[in-house]
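Engineer: Quick check, what structure comes out for this input:
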Amino acid sequence: NASDGATIITVQAARIDAAVAIRFKDLMQEATDGLDGRIILDLTQVDFIDSSGLGAIVASMKQLQPGQKLELASLNTNVDKVFRLTRMDTVFPIHNDIRTAVSSHAG
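Structural biologist: As a prediction, this is how the structure comes out:
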């Protein structure tokens, strides 16, 4: 789903944890392969993330090509709290919702 030079990837899972972290990373690599520019991860459906999930998102960012940028949108309160407690909010641009993410040209 591309919009204003940004590709939106919607996570279709309630949890990003140890059970799905490796699969998540693989799917992200497939989804971002051949893209360029901004990639916005829509976390609307995610209500739980643990350190494995954080690691998978960081790994996904690290496997991006030069010029690609990973941003996050629509974090619920629990997920947002995890990102802030771990200072991951300093690593990723975090947007309140998809509309804000698309209209902001972070970076």
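
Engineer: mind listing what the residue nearest the centre of the chain touches?
Structural biologist: Nearest to the geometric centre of the chain sits Leu41, at 3.5 Å (Cα atoms, centre = their mean). When contacts are counted by Cβ atoms under 8 Å, 6 or more residues apart in numbering, Leu41 touches Ile9, Val11, Ile57, Leu70, Glu71, Leu72, Ala73. C-beta: built from backbone N, CA, C; applies to glycine.

Engineer: Could you check the pLDDT of Ala106?
Structural biologist: With respect to pLDDT, Ala106 scores 50.

Engineer: nope, Asp36 is what I was after
Structural biologist: Asp36 carries a pLDDT score of 85 in this model.

Engineer: Wait, it touches Leu64, no?
Structural biologist: No: using Cβ atoms under 8 Å, Asp36 is not in contact with Leu64; the gap is 9.5 Å.

Engineer: Which one's more surrounded, the two?
Structural biologist: The residue with more neighbours, out of Asp36 and Leu64 and counting by other Cβ atoms under 10 Å, is Leu64; that gives 17 against 14.
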